[in-house]
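Participant: pasted the sequence and its predicted model underneath.
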Amino acid sequence: MSLIRSHERKIDEYNSYEPRLSVANIKDIVGHIINKHASLIVDIETNQASPDLLYQEINKYLNDTNFYHMKKNEVIKDVWDYMFGYGLLQAFIDDDNVTDIDVCRYDFILIKKHGYKEIAQVKFEDEDEFTNFCKLVVIRNGGIINENDCHARISDQNHRLRINVSIAPRNVIGTSMTIRKHRMQSYTLSDLISLRMLNEETGNLLRHLMVISSRLVIVGKGASGKTTLLRALLREVPITERFLVCESESELYPENPNFIVQKVESRQGKKSELKRLIRDGLTMSLDGYCIGELVGDEVYEFVKAGYTDHRVLGTLHAFGIEETIPRMISMIDKDVKNNMLEFIGKSLDIVVYMKKFKVMEVAEIHYDKDLIINTLIQFDVKIETDSSIDGYPRSVNPIKYRLKSELVRKQLW
């Protein structure tokens, strides 16, 4: 393992030394720290405790075991790197072109680079090492993972990562980890046009929609580019608009100083609800709400905000424009589903459908006795592979309903 350098270990009374500290030795020390001082790891990671405290604990362990008679400063450095770095995954974390790291097993790692998946030519030594590594990552980012809480979803805000980890007994074969990377510097709409996520016409349309009171949701499957596009759109929102950004885990990192950013808070293993953040925002004199990912019954609060003429922006898992509202209805508590088609139809203006990092369709939503979907932009597919789509976007219809008069007033039509 690249983190582990050569060390000396005294093995007899004649001052003979063994020239290396093995991975197993490092695992012994790290395992002790995880089991005995997990809270200290979190406090150091969040700058609430001095690293000296952990140095002292490692040093005490070395003395107590009376086994590791090597250069302690070097050992502490190696243990520190192991605990607070990303080990053999660090090169992928540092590579801006890598967007996803999927470790299905300790010895099978997939990365996604430039939209294409490839098998990484590295692997963890064994299941124990990988499980310990995953526990460290979860603990130091404020999560909880053990036999009772065997799944954790956390974010590393310093590296802008969203991380999912599952261990036994939920996982039958072995520990797994999924890492979604977000760029340290958000793409602009111009960047995304250069990357061919969308064309100039679509980019201008979306840019105009951000400077008026549009209510918009971006849909598609996981890793289709929804969050990437939403981050770019947030850069276009006027600085005078006061927004509340609510997320389960930090992913958007908006740069607008007039945005209030909140995320679900964990306390004693229990998380406050995303819908509570939205509901509390009603007392904050907001112009709009942005929900990083709509995943449950917070959809109802999102829709209510849109219905009361607040701007709402968000993302949602759905496989098309027409499927978006039925999907939203399915996520709402059955006790409040009456007239929900009309309710949602009057709370949204625009739906953007994405697939494989491409804007496939932009449509206007309008309700007048029934739901009307007015397609504005349609992407005609020429070639589709497992990882990409190529073709031609084309304009289909102009905006016809609520937003049209505002675009005309602001001379954007």
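Facilitator: Everything's here; your move.
Participant: sec struct for residue 153, please.
Facilitator: With DSSP: H, G, I helix; E, B strand; the rest coil as the basis, residue 153 sits in strand.
Participant: check contacts around the nearest residue to it once chain neighbours are set aside.
Facilitator: Excluding its sequence neighbours, the residue lying closest to residue 153 (C-beta to C-beta, 6 or more residues apart in numbering) is residue 164, at 5.1 Å. For the C-beta atoms, the positions are set from N, CA and C on the backbone; glycine is no exception. Contact analysis of residue 164 by C-beta atoms under 8 Å, 6 or more residues apart in numbering lists 151-153, 177-178.
Participant: from the chain's centre, how far out does stretch 38-45 sit?
Facilitator: How far stretch 38-45 lies from its chain's middle: 22 Å, per C-alpha atoms, centre = their mean, to the nearest Å.
Participant: could you dump it to PDB, C-alpha only?
Facilitator: As requested, the backbone C-alpha atoms of stretch 38-45 are provided in PDB (Å, rounded to 0.1, in the frame of the first residue of the first chain):
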ATOM      1  CA  ALA A  38     -14.000   7.600  17.300                       C
ATOM      2  CA  SER A  39     -15.300  10.800  18.600                       C
ATOM      3  CA  LEU A  40     -11.800  12.300  18.700                       C
ATOM      4  CA  ILE A  41     -11.400  11.600  15.000                       C
ATOM      5  CA  VAL A  42     -14.600  13.600  14.300                       C
ATOM      6  CA  ASP A  43     -13.500  16.500  16.500                       C
ATOM      7  CA  ILE A  44     -10.200  16.700  14.800                       C
ATOM      8  CA  GLU A  45     -11.800  16.500  11.300                       C
END
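Participant: give the buried residues for that stretch.
Facilitator: Neighbour-count burial for stretch 38-45 flags 38, 40-45 (criterion: 16 or more other C-beta atoms under 10 Å).
Participant: on that earlier part again, flag the least confident of the contacts of residue 164.
Facilitator: In terms of pLDDT, the weakest of the contacts of residue 164 is residue 153, which scores 89.
Participant: next one: that residue from residue 284, what distance?
Facilitator: 26 Å (C-beta to C-beta, to the nearest Å).
Participant: quick one, which of the two is more surrounded?
Facilitator: residue 153 (15 against 10; other C-beta atoms under 10 Å).
Participant: OK, contacts around the more buried one?
Facilitator: Residue 153 neighbours (C-beta under 8 Å, 6+ apart): 143, 162-165, 248-249.
Participant: thinking again about what came up before, the residue nearest to residue 153 should be in a helix, yeah?
Facilitator: No. Residue 164 is assigned strand when assessed by three-state DSSP, not a helix.
Participant: what strand or helix carries the residue nearest to residue 287 when sequence neighbours are not counted?
Facilitator: Leaving out its chain neighbours, the residue that sits closest to residue 287 by C-beta to C-beta, 6+ apart is residue 241, at 4.4 Å. For residue 241, there is no host helix or strand (DSSP states H and E).
Participant: which residues touch residue 241?
Facilitator: 258, 287-288, 311.
Participant: ok, of the residues you listed, which come out buried?
Facilitator: Buried among these (16+ other C-beta under 10 Å): 287-288, 311.
Participant: these in strands, which ones?
Facilitator: Here DSSP state E is the test, and those give 288, 311 as lying in strands.
Participant: circling back: can you pick out the most distant pair from the contacts of residue 153?
Facilitator: Largest separation among these by C-beta to C-beta: 165 and 248, giving 15.2 Å.
Participant: now do the helices in the stretch 101-250 of the chain.
Facilitator: Here the stretch 101-250 of the chain has its helices, by DSSP state H, counting those that start in this stretch, at 127-140, 189-194, 200-210, 226-234.
Participant: with mean neighbour count, mean pLDDT and distance to residue 276 added, can I get these in JSON lines?
Facilitator: Formatted as JSON lines, the helices of the stretch 101-250 of the chain follow (neighbours: other C-beta atoms under 10 Å; pLDDT from 0 to 100; distance: least, C-beta to C-beta, whole Å):
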{"stretch": "helix 127-140", "mean neighbour count": "21", "mean pLDDT": "89", "distance to residue 276": "24"}
{"stretch": "helix 189-194", "mean neighbour count": "16", "mean pLDDT": "96", "distance to residue 276": "32"}
{"stretch": "helix 200-210", "mean neighbour count": "19", "mean pLDDT": "97", "distance to residue 276": "27"}
{"stretch": "helix 226-234", "mean neighbour count": "22", "mean pLDDT": "96", "distance to residue 276": "22"}
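Participant: now distance to residue 369 too, for those, in JSON lines please.
Facilitator: Output for the helices of the stretch 101-250 of the chain, formatted as JSON lines (distance: least, C-beta to C-beta, whole Å):
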{"stretch": "helix 127-140", "distance to residue 369": "51"}
{"stretch": "helix 189-194", "distance to residue 369": "35"}
{"stretch": "helix 200-210", "distance to residue 369": "25"}
{"stretch": "helix 226-234", "distance to residue 369": "31"}
